[in-house]
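K.L.:
how would this look folded up:
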Amino acid sequence: MKAYELLYFVSPTLEEDAREAVSKRIAGVIEEENGSVDNVDNWGKRKLAYEIGELTEADYTLVNFHANEDQIAELDRVLRISDNVVRHMITACPEAK
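P.N.:
As a prediction, the model looks like this:
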């Protein structure tokens, strides 16, 4: 399994229950095929570099996880169709030696 990072953000007006639902859905997709979530770091509200829709701020979350390469496509698909996730980015982490 390879190490990955996922950075995503949601609207700052989104309720806590909806944020938790997004986080649980992401963890579910990762753990579906024996992947593991290593760390979830909520960065909180940050100002956006440019306006997206009507948003000038967003609530950021960074997720470090291990997964098989074929799970990344499914995770990307789930994040794309999620109404609550405004933007996301998945990157592979270099292996620690």
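
K.L.:
now the element after the strand or helix carrying Leu48, going C-ward?
P.N.:
According to DSSP states H and E, Leu48 maps onto strand 36-52. Per DSSP H and E, the first helix or strand lying C-terminal to strand 36-52 is strand 55-67.

K.L.:
low-scoring pLDDT stretches of this protein, where are they?
P.N.:
Low-confidence segments of the chain (pLDDT under 70): 96-97.

K.L.:
if you set the cut-off to 80 instead, what comes out?
P.N.:
Filtered on pLDDT under 80, the chain yields the residue ranges 95-97.

K.L.:
the longest helix in the protein is where?
P.N.:
helix 16-31 (DSSP state H).

K.L.:
who are the packing partners of that one?
P.N.:
strand 2-10, strand 36-52, strand 55-67, helix 69-81 (3 or more CB pairs under 8 Å, 6 or more residues apart in numbering; DSSP states H and E). The C-beta positions use only the backbone N, C-alpha and C, and glycine is treated the same way.

K.L.:
reformat those as JSON lines; add distance to Met89 and mean neighbour count.
P.N.:
Converted to JSON lines, the helices and strands packed on helix 16-31 look like this (distance: least, CB to CB, whole Å; neighbours: other CB atoms under 10 Å):
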{"stretch": "strand 2-10", "distance to Met89": "5", "mean neighbour count": "19"}
{"stretch": "strand 36-52", "distance to Met89": "14", "mean neighbour count": "11"}
{"stretch": "strand 55-67", "distance to Met89": "10", "mean neighbour count": "18"}
{"stretch": "helix 69-81", "distance to Met89": "10", "mean neighbour count": "14"}
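
K.L.:
could you dump the ones you listed to a markdown table with distance to Arg87?
P.N.:
As requested, the helices and strands packed on helix 16-31 are exported to a markdown table (distance: least, CB to CB, whole Å):
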| stretch | distance to Arg87 |
| --- | --- |
| strand 2-10 | 6 |
| strand 36-52 | 7 |
| strand 55-67 | 8 |
| helix 69-81 | 9 |
